[in-house]
Structures are given as structure tokens and as C-alpha cells.
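Peer 1: Next input, structure requested:
(2 chains, ligands or ions: 1)
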Amino acid sequence: MSALAHDAEKSETRVFDLDLVRRDFPILSRTVHNKPLTYLDSAASAQKPQAVIDVIRYQYEHEYANVHRGAYSLSEALTSKYELAREKVRQFINATTDREVVFTKGATEAINLVSATFGRTLEAGDEVVITGLEHHSNIIPWQLLRDQCGIVLKVVPVSDEGDVSLNDVAAALSKKTKLVAVAHISNALGTLLPIKEITAAAHAIGAKVLIDGCQGIAHEPVDVQDLDCDFYAFSGHKLYGPNGIGVLYGKEDMLNAMPPYQGGGEMISNVTFERSEWAELPAKFEAGTPPIVPAVGLGAAIEYISGFDRTDIAAHENDLLVYATEQLQTLNSIRLIGTAEKKAAAVSFVLEGAHPHDLATILDRSGVCVRAGHHCAQPLMDRFGVTATVRASFGMYNTREEVDVLIDALGHAREILC
Amino acid sequence: MQAAEKDEDILSLYQKIILDHGKSPRNAGVVEQHDCRSEGKNPLCGDRVTVTVAIDDEGQVLDLKFDGKGCAISIASASMMTEAVRGLRTDDVRKLIQAVAKLCKEELSPDQFIAEYGDGLGARLEPLTALSGVRQFPARFKCANLPWHTLLSCLDGSDSATTEG
Ligand SMILES: Cc1ncc(COP(=O)(O)O)c(C=O)c1O
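Peer 2: Residues are numbered from 1 along each chain as shown, chains lettered A, B, ... in the order given. Got it, this is the predicted structure:
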């Protein structure tokens, strides 16, 4: 099993060779409607390298049992893989200890965990600040909390460029602000937010900070100690890992102070019908049988990415972003939505006279997968006066040629529709 | 250019008549003196359409209009619906709504559709057969069906409809 042998021989940094990278992702060689697959929807979910697929298969074929339970070697072996995956996440985001790395089923659950636990410690009138470009999963949990306990939800405005300024965040902060919950990178527009500065501003008035890192984790190096954020949430499936696994990073003292999330097995140290005691971190927040194999798969994905110099990946993705932005602007009556100075790996746009869904249906026939819709960010769509956009988003494996295919296919779609 | 090949499925989805209704929808707006009104939404994509209908004492549709935002398919479907349904009795409208859903899936061919539901209405139903192009695109069924689904909930006295659930 080559994928597993990696653990032993800590490999050197790989040169970023795009052809070789593409060969690592088996799905990229398939066709769609007899056309080569042009996958431009990695912001929705990224494709998986062979190393991840192999590890998942290996676990189920050779080494599967429940974790933390069996006093037998199979269970012990998988338990140590599961915990090793946690350690890989810790290193990847530079958390202080792996007690700060809680596995969840995704970013959505990670944010809901915070709203259901930390959120419960808030009182009527306390304020939670979000921005106008958040994904629904960083809006609804706070709305639910507002309806339950009367917190006030404040929304920082988004500029015409799709940006969020530090000044506007600062203006939304007050003595009552208890939490600032913001995206690292907007999934709908690609805007990169100044999260380190936002964190410092929030801390200066005593508020805590949650970063929705669902997109950020895949495109930016993340060092939670340097950022100093209190929580950082992400999903494995956007990081070339499997779905069904996510991470909530939380500062240890925060997690210790919070009540548990769900009750069940694993999260207790002692149970009687009168009272129970909670397990140590991170088990306290991992009730029930966790997504074991997906966690191991996430570990493999992290190892895969860490094999490269991340600045090489970022440079390549930025080249695609710049090239796609240029090429799109050569099309008539296109309106780019989201033109912030700092962006990562996604372009969102509308074409006059052609609805995004019609475009996406026709693009699909050219093998091009893009997302058409509101991107789970309806308030942001309202902000720009549209109901939907087309979004092309890039992963480490995309090419300039694929951008050309997109542009051709858009031209063709317009011939049909307009 | 590879994309220049003829793609029959796409051409049958985006027939001239669909594109025409999609770009210049008929009966767009609101019937001021309406007897019922319903707003339909497709929460997956954010498309929405509001249907207002005036019905006389005999149960005949006097007037109906739609107001909405959506893709070419949903707007064309709404526009063609208003032309087809005006003047029909509401029990016939209900039958037609079911027939259109079947037409958009693979349950009824365009010929069967005309044969079974077109009695005396042939010319009026003919344009609707263009909606059958959606059958090769199951993901777009909801677009074609949203206006009809909304009209049904309107006739049923409900003020909202959704394509989910
Ligand atoms: C910015 C952002 N936040 C949160 C989420 C939710 O992630 P998941 O659906 O994996 O829980 C997404 C995924 O689309 C996202 O892009």
C-alpha cells in the first residue's frame, strides 16, 4: 500500500508539476457527455487524490472496527489511525494541542456546535457580528440562537466589490459584542477577508472570534496561533478529503468552559442516572461513534497537500484566477460579481440575457461543471440584485486550458440562448 | 470548436418557442382583481413565481398572470401556461396541470398529450409540447413545473408553494 508507506518515509517536498498532480486525481480522466471532464466546482467539493481513495479502501478492507472501544488489535490499530489524523490536523493548522481539534461531520456541524454550546452562555442583548457574505451555515445557527435567547445579530455590510472592510467590522463592534463569526474566504465570490485584523479588533473589545474556514483551509495556509482566533471551522471534503468529516478547532480554555454539545457514548467519563461527568477534550464534543474512516481519509488528504509547498499551489491557483478573470472580461455583457483586491480561486458572474441555470445546463454538455445558483448565500445575492450567479472555482488540479474550455462553452451557450 | 456540434437534446430543450417566451413573456404581471394568489419558490435555486388568478362564478378562469424571476425554462413555462389556461374551467385546469407534469417526465408523449387532453383545445395546447424537451434533463424538471405547481396550490387556496418536500 503505497499510500500507507508514506507514514514511514517522510517524503521531501514535491515539485508542483501540474501534469503529475492531475494524474493523482483519477476522476479527472473521465469524460462527461463524451467530452473531457472540466471540473470547475471545487468550492462546492474538491475531487480526491488516489492517496485518499486508497486509504479509505484500505481501512475498510483490512483494518476496520469501532474506535476507543475494543480491547483488541483491530480496534486499537484504527483508534491510533484516527488519533493520528487528529494530530495531522493539529500540525496542519498549528493548534497547540490535539485536545483543540474536535472532529465533526462538517463545517456546518462545527458552527452549530459553537452556537449550541458557547451560544448557550450568551444572554439577551448580547451581540453576534457576522458579515453580509456569509454562507447560510454561518447565518442560520445565529438566527436560531437569536430566536431562542434574544441575542442581537449584526451584519457587516459588503462593498460593491464584494469586500468587507476592517473599518466596517470595527464599526459593528460594541461592548455588547460577544462573538464575531466571519468567513475566511467567501464561497460565493472568492473574497479573502482580513481575518487576522478582524480577530485583533474583536479581541480588543473582549469578543471571541469564529472563522468559517471552509474555503480558506483549501487555499490559504492556516496558523490558528498566529491568527489567534478562538474557533476555526472547516469541512474535509473541500480539502481533497472525504465528505462526512469536518473540524472544529477551539482554544482549549474555550472548549473547557463550554457545555457539551450532544450527549451519548464517548463524551462522558462517568454516568449515573443522577449525574454524569464529561470526558476530557476533545472527546467531550465527540458523542457517539465518530466518522472514523473519513477522519483517516482527511489525514491522508492533509498529508497529500502537505507534500507540496503550499505557496506553489497558491501561485498556481492565483494564476488561474487572474487568467479566468481576464478571459471572462473579453465576453460581451458579462458582469463579474466580486472584484475585491484579495480573492482566491473563484469567479462569480452573470451574463446578460442568459440565466445561470440555463448556462450551467449547456456548459454541462461540454463537460464543464460549474455551480449556478445562490451558493447558499441568498442575502449576498440580494445585495447584488441577482437571484443566482454562475461560479467557476478552482482547485490545485485545474489548468488554463480548462479556463479556455469554459470560455468557449460560454460563447456557445450564448449562441443558443441569446 | 468542439462545442459547435449539434446537440439535439439541448436544441429540443431550448426550442425557439421556449426562448421566445423566456425573453418576452406573455401575461407578466399581477391580476389586480384576483380571486387567488400563490407564490411558488424553488429553494434550491432561488427562482420564484407568483401567480394571480381571477375566476368567475361558473368556475372559469377569466384572467391569470404571473410575476417572477427565473431561468428561460421556468419563465417560458409560466408564460405558456397563462396562454393555455385562460378561459378554461378550473377542473380542466387541474387535469392539464397533471398532464404537463407527465409530459415533462417521460410518462406522456407529446402526441398522447394532445390526444388525451387536447379535445377541442388542440391549438391551445400545441405550444406546451415544447416543454417535453426537459425530459432529458431531470434536474430541470422543477424549473418547468414550478409555475404549474404554483397554479395548483393557488387553485387549492394556498398562498405558497415550494418544489421541495
Ligand atoms: C464558506 C462555507 N461555509 C460553510 C460551508 C458548509 O460546509 P458543509 O456543507 O461541508 O458543512 C460551506 C460549504 O459550501 C462554505 O463554502
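
Peer 1: Check what pLDDT the residue nearest the centre of chain B gets.
Peer 2: In chain B, the centroid-proximal residue (CA atoms, centre = their mean) is residue B:77; its distance is 3.7 Å. At residue B:77, the model reports a pLDDT of 97.

Peer 1: Helix or strand for it, just tell me which one.
Peer 2: Assigned by DSSP states H and E, residue B:77 belongs to helix B:72-85.

Peer 1: which parts of that helix are buried?
Peer 2: Buried positions in helix B:72-85, judged by neighbour count with 16 or more other CB atoms under 10 Å in any protein chain shown: B:72-82, B:84-85. The C-beta positions use only the backbone N, C-alpha and C, and glycine is treated the same way.

Peer 1: Remind me what it packs against, helices and strands.
Peer 2: Judged by 3 or more CB pairs under 8 Å, 6 or more residues apart in numbering or on different chains; DSSP states H and E, helix B:72-85 is in contact with helix A:356-364, helix B:16-23, strand B:47-55, strand B:61-69, helix B:90-104, helix B:122-125, helix B:141-155.

Peer 1: And those: which comes nearest the ligand?
Peer 2: Among the helices and strands packed on helix B:72-85, the nearest to the ligand by CB to the nearest ligand atom is helix A:356-364 (16.7 Å).

Peer 1: Show the contacting residues for residue 30.
Peer 2: The chain I'm using is chain A. residue A:37 (CB atoms under 8 Å, 6 or more residues apart in numbering or on different chains).

Peer 1: please go with chain B instead
Peer 2: B:50, B:52, B:65, B:67.

Peer 1: same thing with residue B:75?
Peer 2: B:21, B:22, B:25, B:68.

Peer 1: Now do the helix holding residue B:77 against helix A:356-364, angle only.
Peer 2: 120 degrees (axes from the mean of the first three to the mean of the last three CA atoms, to 10 degrees).

Peer 1: residue contacts, the nearest residue to residue A:156 once chain neighbours are set aside?
Peer 2: The spatially closest residue to residue A:156, leaving aside those adjacent along the chain, is residue A:131, at 4.4 Å (CB to CB, 6 or more residues apart in numbering or on different chains). Shown in contact with residue A:131 (CB under 8 Å, 6+ apart): A:155, A:156, A:158, A:164, A:169, A:182, A:183, A:193.

Peer 1: One more pass at 6 Å, please.
Peer 2: Listed by CB atoms under 6 Å, 6 or more residues apart in numbering or on different chains, the contact partners of residue A:131 are A:156, A:164, A:182.

Peer 1: pLDDT and neighbour count added to the residues you listed, as TSV?
Peer 2: Shown next, in TSV, are the contacts of residue A:131 (pLDDT from 0 to 100; neighbours: other CB atoms under 10 Å in any protein chain shown):
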residue	pLDDT	neighbour count
A:156	98	24
A:164	98	25
A:182	98	25
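
Peer 1: Sketch out the low-pLDDT regions of chain B for me.
Peer 2: Scanning chain B with the threshold set as pLDDT under 70 gives B:1-5, B:119-120, B:122, B:164-165.

Peer 1: List, one by one, the residues from it near chain A.
Peer 2: Within reach of chain A by CB under 6 Å from any CB of the partner chain, chain B has these residues: B:1, B:3, B:7, B:10, B:14, B:45, B:46, B:69, B:71, B:72.

Peer 1: Residue A:179: helix or strand, and which one exactly?
Peer 2: Going by DSSP H and E, residue A:179 is in strand A:177-183.

Peer 1: ok, which stretches of the stretch 301-418 of chain A are helices?
Peer 2: For the stretch 301-418 of chain A, the helices defined by DSSP state H, counting those that start in this stretch cover A:310-329, A:356-364, A:378-383, A:400-417.

Peer 1: The last one vs chain B: in contact?
Peer 2: Yes - with CB under 6 Å from any CB as the threshold, helix A:400-417 lies in contact with chain B, specifically through A:408, A:409, A:412, A:416.

Peer 1: do the second one as well
Peer 2: Yes - Helix A:356-364 comes into contact with chain B (CB under 6 Å from any CB), by way of A:357, A:358, A:362.

Peer 1: Closest to residue A:245 out of the contacts of residue B:30?
Peer 2: Checking these against residue A:245 with CB to CB, the nearest one is residue B:50 at 41.6 Å.

Peer 1: got the contact list for that closest one?
Peer 2: Counting by CB under 6 Å, 6+ apart, residue B:50 has contacts B:39, B:67.

Peer 1: Look up which residues are beta-bridged to it.
Peer 2: Note on residue B:50: beta-bridge partners residue B:39, residue B:67, judged by DSSP bridges.

Peer 1: Is residue A:123 in a helix, a strand, or coil?
Peer 2: coil (DSSP: H, G, I helix; E, B strand; the rest coil).

Peer 1: ok, the residue nearest to it when sequence neighbours are not counted to residue A:111 distance?
Peer 2: Counting by CB to CB, 6+ apart, residue A:149 is the residue found nearest to residue A:123 once chain neighbours are left out, at 7.0 Å. Distance of residue A:149 to residue A:111, computed by CB to CB, to the nearest Å: 17 Å.

Peer 1: Residue A:357 - how many residues pack around it?
Peer 2: 26 (other CB atoms under 10 Å in any protein chain shown).

Peer 1: check contacts around the nearest residue to it once chain neighbours are set aside.
Peer 2: Ranked by CB to CB, 6+ apart and with sequence neighbours excluded, the top spatial neighbour of residue A:357 is residue B:71, at 4.1 Å. Contact analysis of residue B:71 by CB under 6 Å, 6+ apart lists A:355, A:357, A:358, B:143.

Peer 1: What values do phi and psi take at residue B:71?
Peer 2: Residue B:71 adopts backbone torsions of phi -80, psi 170, taken as degrees, to the nearest 10.

Peer 1: quick one, phi/psi of residue B:28?
Peer 2: Residue torsions, per degrees, to the nearest 10, at residue B:28 are phi -80, psi 140.

Peer 1: Quickly list what it is bridged to.
Peer 2: residue B:66.

Peer 1: How many neighbouring residues does it have?
Peer 2: 14.
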